[in-house]
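Sharing a model that was predicted from the sequence below.
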Amino acid sequence: MRKTLSGQLLIVALLLGAFAPPAWARDKKEWVKLTDCHYVDAPDNDGDSFRVRGGDKEFTARLYYVDAPETNLRVGDRTHDQSLHFGITLDETMKAGEKAKQRTKELLQKPFLIWTRWSTAGGRGRESRYYVIVEIDGKNLGEILVTEGLARTKGVAPNLPNEEKGKAYMERLDDLESAAREKHLGAWATSTHEKSEATPTVRQSP
């Protein structure tokens, strides 16, 4: 009986280990800077979630503060919510998602910098995704996407590495989103909204 119980416990431990974050990503809540990072082509890459390589580490990054349109209907509820937010059809939402995906890939063709706290983000796959801030030549990727109408202000909002409060930063992003809407940029090009009816959804980072 004891052998059977021990065997069951061993199996559980092995399963937990298989799905646990790698050792270098555990229990870190301070900002860590990764330099000379590179974009890695992967089937599930999109505008706000994509594979990256920094040094000897390769993982899937998920942008803090913003939410780019989905490229498909695998998460139908989210795609529908995005179409309502932008005031566009589901097809237009997915087309905007493809534009966001290509824009992110284009911007990350040169080495870039990542700030992360190794906090995990939810995802469809077995492997964990990690929330990040991406900087290209000193410019924030999330800000660029929002400014160009290819993402909305939404998501986990920790205080920034420069100590700016997360809530204040989300408010600045919301102003950029409003400007993109007024200019009919990106996903807003065919929007039926005359003015934004949504406010940024802020969730404090774990």
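Noted; the coordinates are in hand.

can I assume residue 115 is in contact with residue 161?
Yes: using Cβ atoms under 8 Å, residue 115 makes contact with residue 161 at a distance of 5.0 Å. Where C-beta positions appear, they are placed from N, C-alpha and C, glycine not excepted.

Give the intersection of the neighbour lists for those two.
Residues touching both residue 115 and residue 161 by Cβ atoms under 8 Å, 6 or more residues apart in numbering: 31, 33, 133.

Tell me how far the first one lies from residue 116.
Applying Cβ to Cβ, to the nearest Å, the value for residue 31 to residue 116 is 7 Å.

Among those two, which residue is more densely surrounded?
residue 116 (23 against 16; other Cβ atoms under 10 Å).

can I assume that one sits in a helix?
No: with DSSP: H, G, I helix; E, B strand; the rest coil as the criterion, residue 116 is located in strand rather than a helix.

coming back round to it: what would the shared contacts of residue 115 and residue 161 look like in a markdown table with pLDDT, secondary structure and distance to residue 174?
Shown next, in a markdown table, are those (pLDDT from 0 to 100; DSSP: H, G, I helix; E, B strand; the rest coil; distance: Cβ to Cβ, whole Å):
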| residue | pLDDT | secondary structure | distance to residue 174 |
| --- | --- | --- | --- |
| 31 | 97 | coil | 23 |
| 33 | 96 | strand | 26 |
| 133 | 98 | strand | 17 |
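
Who does residue 155 form a beta bridge with?
Using DSSP bridges, the bridge partners assigned to residue 155 are residue 202.

okay, now it: neighbour count?
There are 22 residues near residue 155, going by other Cβ under 10 Å.

now swap in residue 61 and tell me
Neighbours of residue 61 using other Cβ under 10 Å come to 27.

Same check on residue 92?
Neighbour count of residue 92, defined by other Cβ under 10 Å: 17.

Quick check, it in contact with residue 188.
No: the criterion here is Cβ under 8 Å, and residue 92 misses it with residue 188 at 10.3 Å.

Name the residues contacting each of the two.
Taking Cβ under 8 Å, 6+ apart as the criterion, residue 92 and residue 188 both touch residue 86.

low-confidence ranges in this structure?
1-28, 123-125, 194-206 (pLDDT under 70).

could you pull out the strands for it?
Ranges of strands in the chain, per DSSP state E, are 32-40, 49-54, 57-63, 66-67, 112-121, 129-136, 139-140, 152-156, 201-203.

For those strands, could you give me CSV that also reports distance to residue 170?
CSV is the format used below for the strands of the chain (distance: least, Cβ to Cβ, whole Å):
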stretch, distance to residue 170
strand 32-40, 22
strand 49-54, 19
strand 57-63, 13
strand 66-67, 10
strand 112-121, 16
strand 129-136, 13
strand 139-140, 13
strand 152-156, 6
strand 201-203, 5
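
Can you show me the helices along the protein?
With DSSP state H as the criterion, the chain has helices at 2-19, 76-86, 90-107, 141-147, 166-182.
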